[in-house]
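Undergrad: no FASTA, just this:
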């Protein structure tokens, strides 16, 4: 059985600087916990066509990263960096009360998913990385970023 016809429930995760918005798909038989992470300049709606194809035994939550979708923006002047998104993911997981979960990430979300799994290997059971972006290399930092800082 799949999630076909399951309507997502809107969630809000309160944080000191604002909120993380999310969509949740859950049925009475949902047991396995799946976190879904979207790409840059996208939002949780990116998974709406995929969810109906997935097993109804999966309890899925797709978050909107800060500055995306219905989530709050960070305070003016604060950057949107990968490590900050890892902290946001951990806050969402803690809010949900999940101890073990899998992650499906798309593009930037796939890269963040890998970072989350690296930081919390005892929590993340598995990863699915769709169209993952290449992490920035040390050479790119030296060529692009360092001249800007001088």
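TA: Received, thanks. Computed from a predicted structure; not experimentally measured.
Undergrad: The spatially most central residue of the chain and residue 4: what is the separation?
TA: Of all residues in the chain, the one closest to the mean position by Cα atoms, centre = their mean is residue 37, 2.7 Å from it. Here residue 37 is placed at a distance of 23 Å from residue 4 (Cβ to Cβ, to the nearest Å). For the C-beta atoms, the positions are set from N, CA and C on the backbone; glycine is no exception.
Undergrad: again with residue 115
TA: 32 Å.
Undergrad: follow-up on the earlier one: tell me the pLDDT of the residue nearest to the centre of the chain.
TA: In this prediction, residue 37 carries a pLDDT score of 98.
Undergrad: Quick check: it touching residue 101?
TA: No - between residue 37 and residue 101 there is no contact under Cβ atoms under 8 Å: 11.5 Å.
Undergrad: Strands along the chain, start to end?
TA: 9-15, 18-25, 32-37, 58-63, 101-106, 124-130 (DSSP state E).
Undergrad: Next, the angle strand 32-37 makes with the longest one.
TA: To tie it back to what came earlier, the one meant is strand 18-25. 130 degrees (axes from the mean of the first three to the mean of the last three Cα atoms, to 10 degrees).
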